[in-house]
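J.: 3D model of this:
(2 chains)
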Amino acid sequence: MHFAKPLARLVSELERLPGIGPKSAQRMAFHILRQPREEAAQLANAILQVKESIRLCPECSNFTDQEICEVCSDTRRDRAIMCVVAETRDLIAMEKTGEYKGIYHVLQGLLSPMDNITPDMLKIRELFPRIMNGVNEVILALNPTTEGQTTTFYLASRLKPLGVKVSQIAHGLPAGGDLEYADQATLISALEWRREI
Amino acid sequence: MHIDKLNLTSFRCCTQLEMSPGSGLNIIRGENAQGKTSILEALWLLTTTRSLRAFRESEMIERGQENAHISASVVREKMGEIEIQVSIHLSDRKTLKVNGSKRARMVDLIGELNAVFFGSPDMAIVAGEPSDRRHFMNVEIAQISPKYIHTFASYKKVLEQRNKLLRDLRDNPRGAIQSGLDAWTEQLIVHGGLLFERRQFYLDRLAPIADRIHQELTDGKECLEIRYLPSIHFEETNETIDDYPDGVMEERPPFVIDGSAKDISLFTAAFREQMRKIEPDEIRRGTTLIGPQRDDIQILINGKEARLFGSQGQQRTAALALKLAEFKLIELCVGEPPIMLLDDVMSDLDDARRMHLLRHASTCGQTFLTCTAIRSIPTEMLKQANIWNMSNGEISTGNFE
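T.: Numbers count the residues shown, from 1 in each chain, chains lettered A, B, ... in the order given. From the prediction side, this is the model:
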C-alpha cells in the first residue's frame, strides 16, 4: 500500500526542507491533509508570498520586503561602521541587542568548498564598493567555526589593504555562564581572547 | 589515580556488571569471548571517548537493548573522587555526565581519567604504517593536552574543505586566489603549526624515557632512538632534551602545557613557506601534499630502523618501551600515574619482558590485565593481586589456585 500520489508528492516536498526527515514529513503532510481548506491555503499563500515579495536589499543583501531594507533606509544609522554577518538571522540577533548603531552587510553564507560555496557565491563583491564609500571600521561577526574563521581571514586579508580598521567579535564564555560548566573549547578560546583590564 | 568502582549495563556481553577493583594489579581471567576485553574497552572509552575496536558506537550495546551505560568512580590524588557516566545510544550518539551533571560535549571527558593501553595491535606502532604511529601520537598527546584535541579536530575539518577546493581547482582550473584557497591554506597553517609543535614537544620528552626503559629491558645491550619526522623541514631549536642530566627533567614537570608562542611560530613560518612552494603541485594533484597528516616517527634500535631491520622480538620490546614511556610521561604531566590496561599481552612477550612488565604493573598504580591462564604469572605477584574470573559477561572474584 502506498500513499496516494498527491499525498506522496507533498511528503517528498516537505522532506526536502532542512531538518525534516521522512517521519516528520509524513506527520506534517497528514496534519495539512486534516486542516480546513482555508488554513492549508494560508500556508500555501504564505509560501508563495514570501517568494514574491521578499528580495535582497540592493545595499546590504539583507532579506527585505521593501525597496531598501529597514536598516539601510534608516538615516540615523552610523554609516562609518559596518558589521559583516553571514545570515539575516545573525543580523536580527545583533539588532536585538540594541547596542549596535552602524550598518550591516549580509554575506548570505560562509565559505565552504564541501558545499560548493566559494567567494563568488557570497555577497562579497558587493561589499567593497560600500566600504570605499565612507566606512572606516568593519566588524566581522561570523561564527567561530572552521568556515566562519576562514571567511573572516579571507575578508580581513582583503579589507586591510584598503586602509580600513578591521575587527573580529570576541569568542568566549556566554554572559551569565558558569565557568565550571563551560566546555573546554570555549574556555580555551576565552583564555586566548582575554584582555587586559 | 584509580578506579574505585565500575558498573557496566548492557555493554557488549555484560548485561549487568559491577566490580570494585583493587588499587594494584587486577587480573581478569577467562576463556576467549567471555567479555574480558570489554572491561578494558569500557575503561578506554572513559579515557578517550572512543571504542578500542567498534566501527560504530552502537556495536557496543548488548543485542536487543537500546542503550549501554558505563559508570565509574575515579579517585584522583589531588581532585578527589569523580563520578563519570557515559551512555551509548542506538543512534551511535554518546552522552556524558560528570558528577551527575550533564556535559554538552563528549570531548570534555578527556583528561578526567588517564590510561595507557597495551595489546597486540600496539605492535603496529613499530612495525606498521605511518598512520599507526600518528595514531599513537594523537592518543597520547590528546590525554595531556586538551588543546591538541580541539586543534586536531579543526585541522581535520579545514583539511577536508581544502582538499575539496583543490580537487575543484584541478578539475576546473581558475584563479586560486579568487577561490579563497589562500584563506583555507592559512587556517591549515595556523592549526597545523600547533600540531607540529606539540608532536615535537612530546616526542622530545618521550624519547629519552623510552630509551632508558628499552636499555633496562635489554640489559643495556640495545638503545632506542625515537625521532619525529614531520612532513615539513624546519630548523631545530638549540635546546635538546638530552642535555638535561637524568632526573632533572622529572623535577620540572610541567611542562608548560602550552608550548611557547615562539616555538609555534617557528613551525608556522616553516609550514607557510613550504606550503607556498608546493601550492602549484597541490592544485595539479588536487590534494594537500604536506602537513601533520603525513608525519611519521622513526624508531631506531642501535641505529638501525626497527621497522625494517628489527626482529619481531626487538619490535615488541620497542613497542613495550614506548608504552611504558608513555605511562611515565603521563605521570609526569598529570602528577599521578595513569591506569594501565594490558590486553592479553603475556603471550606476545618472552619471559624477561613479561617479568619486567609485571614488575612495572605491580608497582605502578592500578593495572587491569586480561589473560586466559595465570600460569605465566609468578606466585608472589598473584598473592598481591586481585583475581577476577570472567565468564559469559559476568565477573566474580577468584583466587590463584
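
J.: remind me which helix or strand residue B:227 belongs to.
T.: According to DSSP states H and E, residue B:227 maps onto strand B:224-229.

J.: partner strands of that strand, parallel or antiparallel?
T.: When sheet partners are counted by DSSP bridges, strand B:224-229 sits next to strand B:296-301 (antiparallel).

J.: ok, residues contacting the strand it pairs with?
T.: Residues lying outside strand B:296-301 but in contact with it, judged by C-beta atoms under 8 Å, 6 or more residues apart in numbering or on different chains, are B:125-126, B:130, B:133-134, B:136-137, B:203, B:214, B:222-229, B:231, B:305-307, B:309-310, B:314, B:318, B:322. Where you see a C-beta, it was placed from the backbone N, CA and C, and this is true even at glycine.

J.: 6 Å - rerun?
T.: For strand B:296-301, contacts defined as C-beta atoms under 6 Å, 6 or more residues apart in numbering or on different chains pick out B:126, B:130, B:133, B:222, B:224-227, B:229, B:306, B:310, B:314, B:318.

J.: widest-spaced pair of the residues you listed?
T.: Considering C-beta to C-beta, no two members of those lie farther apart than B:130 and B:222, which are separated by 23.1 Å.

J.: name the residue in the two with the higher neighbour count.
T.: Counted by other C-beta atoms under 10 Å in any protein chain shown, residue B:130 and residue B:222 do not tie: residue B:222 has more neighbours, with 18 against 15.

J.: just read off the phi/psi values of that one.
T.: Backbone geometry at residue B:222, expressed as degrees, to the nearest 10, gives phi -130, psi 140.

J.: if I look at it, how far off is residue B:216?
T.: Residue B:222 sits 10 Å away from residue B:216 when distances are taken as C-beta to C-beta, to the nearest Å.

J.: distance between the helix or strand of chain A with the lowest mean pLDDT and the chain's centre?
T.: Comparing every helix and strand of chain A by mean pLDDT, DSSP states H and E singles out helix A:184-192 as the least confident one, with a mean of 84. Using C-alpha atoms, centre = their mean, to the nearest Å, the mean C-alpha position of helix A:184-192 is found 24 Å from that of the whole chain.

J.: quick check: residue A:72 touching residue A:61?
T.: No. Counting by C-beta atoms under 6 Å, no contact exists between residue A:72 and residue A:61, whose distance comes to 10.0 Å.

J.: show me where chain A has its strands.
T.: A:55-56, A:63-64, A:78-85, A:102-106, A:137-140, A:165-168 (DSSP state E).

J.: which of these has the highest mean neighbour count?
T.: Mean neighbour counts were compared across these using mean count of other C-beta atoms under 10 Å in any protein chain shown; the top stretch is strand A:102-106, at a mean of 23.

J.: what lines up beside that one in the sheet?
T.: According to DSSP bridges, the neighbouring strands of strand A:102-106, each with its direction, are strand A:78-85 (parallel).

J.: can you list the domains in chain A?
T.: Per the record, chain A has its domains at A:5-53, A:75-196, by automatic domain parsing.

J.: pick the most deeply packed of those domains.
T.: By mean neighbour count, with neighbours taken as mean count of other C-beta under 10 Å, domain A:75-196 ranks first of those at a mean of 16.

J.: show me how far it is from its chain's centre.
T.: Relative to the centre of its chain, domain A:75-196 is centred 11 Å away, using C-alpha atoms, centre = their mean.

J.: what's around residue B:156, how many residues?
T.: The criterion is other C-beta under 10 Å. On that basis, residue B:156 has 14 neighbouring residues.

J.: pLDDT wise, what is it at?
T.: Reported pLDDT at residue B:156 in the predicted model: 96.

J.: same thing with residue B:326?
T.: Reported pLDDT for residue B:326: 93.

J.: and it, how far from residue B:202?
T.: With the distance defined as C-beta to C-beta, residue B:326 ends up 9 Å from residue B:202.

J.: centroid-nearest residue for chain A?
T.: With the centre of chain A defined as its mean C-alpha position, the nearest residue by C-alpha atoms, centre = their mean is residue A:87, 1.2 Å away.

J.: got the confidence number for that one?
T.: So residue A:87 comes in at 95 (pLDDT).

J.: give me the phi and psi for it.
T.: For residue A:87, the backbone dihedrals (degrees, to the nearest 10) come out as phi -130, psi 160.

J.: up against chain A, what does chain B have?
T.: Where chain B comes near chain A, counting by C-beta under 6 Å from any C-beta of the partner chain, the residues are B:104-105, B:108, B:146-147, B:150, B:154, B:157-158, B:161, B:164-165, B:179-180, B:183-184, B:186-187.

J.: doesn't residue B:186 make contact with residue A:153?
T.: Yes. Checked against C-beta under 6 Å, the pair residue A:153 and residue B:186 is within contact range at 5.4 Å.

J.: got a pLDDT number for residue 140?
T.: Picked chain A for this. At residue A:140, the pLDDT value in this model is 97.

J.: that answer is for a different chain, and I need it for chain B
T.: At residue B:140 the predicted local distance difference test score is 89.

J.: centre of the chain versus the helix or strand where it lies, how much separation?
T.: Under the criterion of DSSP H and E, residue B:140 resides in helix B:130-144. Averaging C-alpha coordinates over helix B:130-144 and over its chain gives two centres that are 5 Å apart (C-alpha atoms, centre = their mean).

J.: what packs against that helix?
T.: In terms of contacts (3 or more C-beta pairs under 6 Å, 6 or more residues apart in numbering or on different chains; DSSP states H and E), helix B:130-144 is packed against helix B:124-127, helix B:146-171, helix B:181-217, strand B:296-301.

J.: alpha carbons only: can I get the last one in PDB?
T.: Spelled out, it's strand B:296-301. Taking C-alpha atoms only, strand B:296-301 is exported to PDB below (Å, rounded to 0.1, in the frame of the first residue of the first chain):
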ATOM      1  CA  ASP B 296      55.800   9.800  10.900                       C
ATOM      2  CA  ILE B 297      58.100   8.700  13.700                       C
ATOM      3  CA  GLN B 298      61.400   7.000  13.100                       C
ATOM      4  CA  ILE B 299      62.200   4.300  15.600                       C
ATOM      5  CA  LEU B 300      65.800   3.100  15.600                       C
ATOM      6  CA  ILE B 301      67.400   0.200  17.600                       C
END
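
J.: how much space between residue A:187 and chain B?
T.: Counting by C-beta to the nearest C-beta, to the nearest Å, the gap from residue A:187 to chain B is 9 Å.

J.: next: residue A:124.
T.: Taken as C-beta to the nearest C-beta, the spacing of residue A:124 relative to chain B amounts to 9 Å.

J.: and the pLDDT for that residue?
T.: At residue A:124, the model reports a pLDDT of 95.
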